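Novice: need a structure here:
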Amino acid sequence: MLREKLVGRPMEVLLVEDDLEDAGLTIATLREGQVPCRVSLVRDGEEALAFLRREAHFARVPRPDMILLDMHMPKKDGRAVLAEIRCDPKLCRIPVVVLTASLTHGQILKDENLRAESFLTKPVDREHFHSVVKLLRKFMLSDVILPS
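Specialist: All right, here's what the predicted structure looks like:
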């Protein structure tokens, strides 16, 4: 597979997933794709928000270009995390792709006006997943080139 030549740094992805098997599959799928990226993994909603806000031991983490957010997690679920992201002026522009075991979650998020850029059902369909990641990367690069 030929890799696209991209200007700038790899895409930073925050994966919020408590199931290590699902996380491993998602990371493997990202590595197979044509979009170079680095993945940070957190395992619950509270840890995700601490990461995004760069609190405590997350003070020096990179700001993600995209968040892959599981809906069912301990401590704080995906809906609560997404609601906090969308209400925070420093975080609200980060694209969020919701990973869910049920398509009904997409309707619930729409009903609650919690905007997500895309929904992927688990197990993740690799081809669809690659197209979503490539589309988000293209969208981000249409306005700005990520610096080296």
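Novice: which residues does Ala50 contact?
Specialist: Ala50 sits next to Ala56, Phe58 when contact means CB atoms under 8 Å, 6 or more residues apart in numbering. The way it works is simple: take the backbone N, C-alpha and C, and place the C-beta from them, glycine included.
Novice: quick one: secondary structure of it?
Specialist: helix (DSSP: H, G, I helix; E, B strand; the rest coil).
Novice: What score does it have for pLDDT?
Specialist: With respect to pLDDT, Ala50 scores 97.
Novice: All further residue positions should be reported with the first residue as 12.
Specialist: Sounds good: first residue 12 from here, last item Ala61.
Novice: Distance of it relative to Ala67?
Specialist: From Ala61 over to Ala67 the distance is 6 Å, taken as CB to CB, to the nearest Å.
Novice: now swap in Thr40 and tell me
Specialist: Distance, Thr40 to Ala67, by CB to CB: 30 Å.
Novice: for Leu131, same thing?
Specialist: Taking CB to CB, one finds Leu131 at 30 Å from Ala67.
Novice: Same drill for these two, tell me which one is more crowded.
Specialist: Leu131 (20 against 9; other CB atoms under 10 Å).
Novice: Give the helix, strand or coil label for that one.
Specialist: Going by three-state DSSP, the secondary structure assigned to Leu131 is strand.
Novice: hey, C-alpha coordinates of stretch 54-70 in PDB?
Specialist: Taking C-alpha atoms only, stretch 54-70 is exported to PDB below (Å, rounded to 0.1, in the frame of the first residue of the first chain):
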ATOM      1  CA  ARG A  54      -9.500   4.000  29.600                       C
ATOM      2  CA  ASP A  55     -12.400   6.000  31.100                       C
ATOM      3  CA  GLY A  56     -14.300   9.300  30.800                       C
ATOM      4  CA  GLU A  57     -12.700  11.100  33.700                       C
ATOM      5  CA  GLU A  58      -9.200  10.200  32.400                       C
ATOM      6  CA  ALA A  59     -10.200  11.500  28.900                       C
ATOM      7  CA  LEU A  60     -11.300  14.900  30.300                       C
ATOM      8  CA  ALA A  61      -8.100  15.100  32.400                       C
ATOM      9  CA  PHE A  62      -6.100  14.300  29.200                       C
ATOM     10  CA  LEU A  63      -7.900  16.900  27.200                       C
ATOM     11  CA  ARG A  64      -7.600  19.600  29.800                       C
ATOM     12  CA  ARG A  65      -3.900  18.600  30.400                       C
ATOM     13  CA  GLU A  66      -4.400  18.100  34.100                       C
ATOM     14  CA  ALA A  67      -2.000  16.400  36.600                       C
ATOM     15  CA  HIS A  68       0.200  13.900  34.900                       C
ATOM     16  CA  PHE A  69      -1.300  14.800  31.500                       C
ATOM     17  CA  ALA A  70       0.200  18.300  31.600                       C
END
